[in-house]
Each structure stands twice: as structure tokens, then as C-alpha cells.
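K.L.:
next one to model:
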Amino acid sequence: MKRSVDEITGSRRLRRNRRFDWSRRMVRENRVTSDDLIWPVFLIEGKNRTEPIAAMPGVERLTADKAVDAAKKARDLGIPAIATFANIPLEKRDETGSAVLDAKGVVNEATRAMKAAVPEVGIITDVALDPFTSHGHDGILRDGIILNDETVEQVARAAVVQADAGADIIAPSEMMDGRIGAIRDALDDAGHQDVAIMSYATKFASAFYGPYREAVSTGGLLKGDKKTYYLDPANSDDALRECELDIAEGADMLMVKPGMPYLDIVARVKDAFAMPTFAYQVSGEYSMIMAGAEKGFLDRDKAMMEAMLAFKRAGCDGVLTYFAPLVAELLQKGWRE
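P.N.:
As a prediction, the model looks like this:
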């Protein structure tokens, strides 16, 4: 005998809550706000100048004064923080990435300018060496080997220089063992006890970084790959061990990079440690959505906002995304899907 739907479901009809827009909003579990956004910005030397990045439509490299304009835009859109990344001339790059220690370098110049003009916007800086090395690696390379301890010493010194310039959060992304503890000690010894550390605790050796390497001009420089220090994409337990060590060494926040292909890692990290947890929606993720939209295969805004909801659902407290100003503008206009 054929049963009715009510007999099958026991009158539990889950579609009732989905019937109207107002009822869907009333029971919605996750929401995206401008507070969830961190805006990555690429920096170049000079004045009053921008450079388009071909692999990242809509994203430009900015001089320090233009970065100030970006910080003002972030403030007006309610974006809490900007994360900066350098693209310096090739002739200033060397085997050890020594330019990362330049107090007058473009990252520190932009930090000082943004904090002077828009102190209410947080500034997050990275001490990884890849934008500063002649070989494109995140650490000091000698005889084909990335030297962990020498790199750690260098990035700890760079963290102090960046904190001196006004950085609010140091976000080390080079994945050297022991770097979080060394940076914490260096910051504390220099009187920067209140500067936080957002650890790229689980940064995977991913294919999704390609457009970023164009943005910082390291793609043609890279010798070999980064698999000896970035995480293997096959490993999930390894990611948790990295987080556990970084927390013990003094990390205030954790990051998973890339983002959407690693939402399972985000969920595990958040569940395991209940720490402020962030994801980086990396350049490849951004460029795929933009390319799909340009081809007419995707609705850019819907895909962008659905991705943001996915990050929130997985447990993210915030997302580093090149879409940040677009997302914030949509939210300011009352976006509702």
C-alpha cells in the first residue's frame, strides 16, 4: 500500500521553514558581515601609482599613498583590517631576502602611512621572505636546502621592524618550524607585547597560488617547489599538529590556506582548538570565480557570497579575500540571497 508523504515523514516537513524569504532569514544559521573580512593588498614602490595584475582581474598593486586610500575605503565599508604584501624591484632581491629588514621598505612605509591616516583599521603584515628573495622561496636557500633556523632568525627580526612601523598583527606564512615562538620572544623583548600573531598554521603546497606569484613577481624566480616546508595537501592530522605547536608557541590566531579546497581543515581546526580561526581565499580561488563570471558561466556576486557563507559554515571567524571590498559593498547595499 502506498504511503502518504505525511505517513513517511511523520508530519515533519522541513520545507515549511523555507517557504518565505522572511522565514528563511529567521532560521538562517550563518551570516556574512563586513566584520568577517580582511582585505589583502599588494604594494609597490613609488608615488600615486597603481599596476593591474593580469591574472587577478580587478586587483591592483598600490603605492603607499594609494594604500592609504584603500585603508580609508576599508574604514568606510566596515572592513576591520588590511593585510599587505610587497612586490619590490628584482634588483633589490637577494639570496637571503635581506630587504625584509629595511625599515623604509614599502611594507613598512605603507604601514606607517595607513596607521597615521586611518588608525582604526588594523594592519596585518607578513614576514615571509619570498617577495624579497632572488630565488622565490619563503626562506633562506643554500645548496638547494631551505635553512630553517637561519630563516627563523631573519623573520623574527623582520617582525620587530614591522611592529616598529605600526603593524598590529604579524602573520608569518613561511612555515618554518619554531617561528611563532621566536617571533613572540622577539616582539616581547622589543616592547611589542600587544602585537598579535596570526599564524599561517596550515599552509598547504597548493596549485591555487599561481596568480599570487604573478602579483608579487616570484613565479619566474622560483627554483624547485615548496613541498619541503608547506604541508602536503593529502594530510589533515599533520595540519592539527602544526596548529597545536603554534598555539603552544604563542599564536593568537590560526589561519588555513588555501580556503575553499580545505574547508574540512578549517572545521577540524576550529573544533579541536576553539581558537580564532581564519581562512585565506587565495588568488587561484579568486581568479577562478572571476574567470567564470567573465565567461558567463557564473554569477560573480552569487558565487562570491556563497563562498563566504561556506567559510562561515565551516567555522571561520574571518576570511582574507580579494573580494573584500566587493563583498562589503554588497552588504552595505543590503545584499540578501
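K.L.:
and the closest residue to residue 263 other than its chain neighbours, what is it in contact with?
P.N.:
The shortest distance from residue 263 to any non-neighbouring residue, by C-beta to C-beta, 6 or more residues apart in numbering, is to residue 314 (4.2 Å). (Glycine included, C-beta is placed from N, CA and C.) Going by C-beta atoms under 8 Å, 6 or more residues apart in numbering, residue 314 touches 263, 264, 266, 267, 270, 279.
K.L.:
packing partners of the host helix or strand of residue 158?
P.N.:
Following DSSP states H and E, one finds residue 158 within helix 148-165. Applying 3 or more C-beta pairs under 8 Å, 6 or more residues apart in numbering; DSSP states H and E, one finds that helix 148-165 contacts helix 106-117, strand 140-142, strand 169-170, helix 179-189.
K.L.:
run the angle between that helix and helix 106-117 for me.
P.N.:
30 degrees (axes from the mean of the first three to the mean of the last three C-alpha atoms, to 10 degrees).
K.L.:
how far away from the center of its chain is helix 148-165?
P.N.:
How far helix 148-165 lies from its chain's middle: 19 Å, per C-alpha atoms, centre = their mean, to the nearest Å.
K.L.:
now the contacts of residue 314 in CSV, with distance to residue 193 and neighbour count?
P.N.:
Listed next are these as CSV, based on distance: C-beta to C-beta, whole Å; neighbours: other C-beta atoms under 10 Å:
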residue, distance to residue 193, neighbour count
263, 34, 19
264, 35, 12
266, 29, 26
267, 32, 16
270, 26, 18
279, 27, 30
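K.L.:
go through those residues and name the one nearest residue 322.
P.N.:
residue 279 (13.1 Å; C-beta to C-beta).
K.L.:
correct me, but the closest one touches residue 254?
P.N.:
No - between residue 279 and residue 254 there is no contact under C-beta atoms under 8 Å: 9.8 Å.
K.L.:
which other helices and strands contact the helix or strand hosting residue 284?
P.N.:
According to DSSP H and E, residue 284 maps onto helix 283-294. Contact partners of helix 283-294 among helices and strands, from 3+ C-beta pairs under 8 Å, 6+ apart: helix 210-215, helix 300-314.
K.L.:
which of these is buried the deepest?
P.N.:
helix 210-215 (a mean of 20; mean count of other C-beta atoms under 10 Å).
K.L.:
can you name the next helix or strand after the helix-or-strand element of the chain with minimal mean pLDDT?
P.N.:
Ranked by mean pLDDT, DSSP states H and E, the weakest helix or strand in the chain is helix 5-9, scoring a mean of 69. Per DSSP H and E, the first helix or strand lying C-terminal to helix 5-9 is helix 21-26.
K.L.:
you'd agree residue 212 is up against residue 282?
P.N.:
Yes - counting by C-beta under 8 Å, residue 282 is a contact partner of residue 212 at 6.4 Å.
K.L.:
that older thread, if I look at the residue nearest to residue 263, how far off is residue 300?
P.N.:
Counting by C-beta to C-beta, to the nearest Å, the gap from residue 314 to residue 300 is 22 Å.
K.L.:
over to residue 2?
P.N.:
Residue 2 is 46 Å from residue 300, where distance means C-beta to C-beta.
K.L.:
that older thread, so which of the helices and strands packed on helix 283-294 is nearest residue 103?
P.N.:
Between residue 103 and the helices and strands packed on helix 283-294, the shortest gap by C-beta to C-beta is with helix 210-215, which sits at 23.7 Å.
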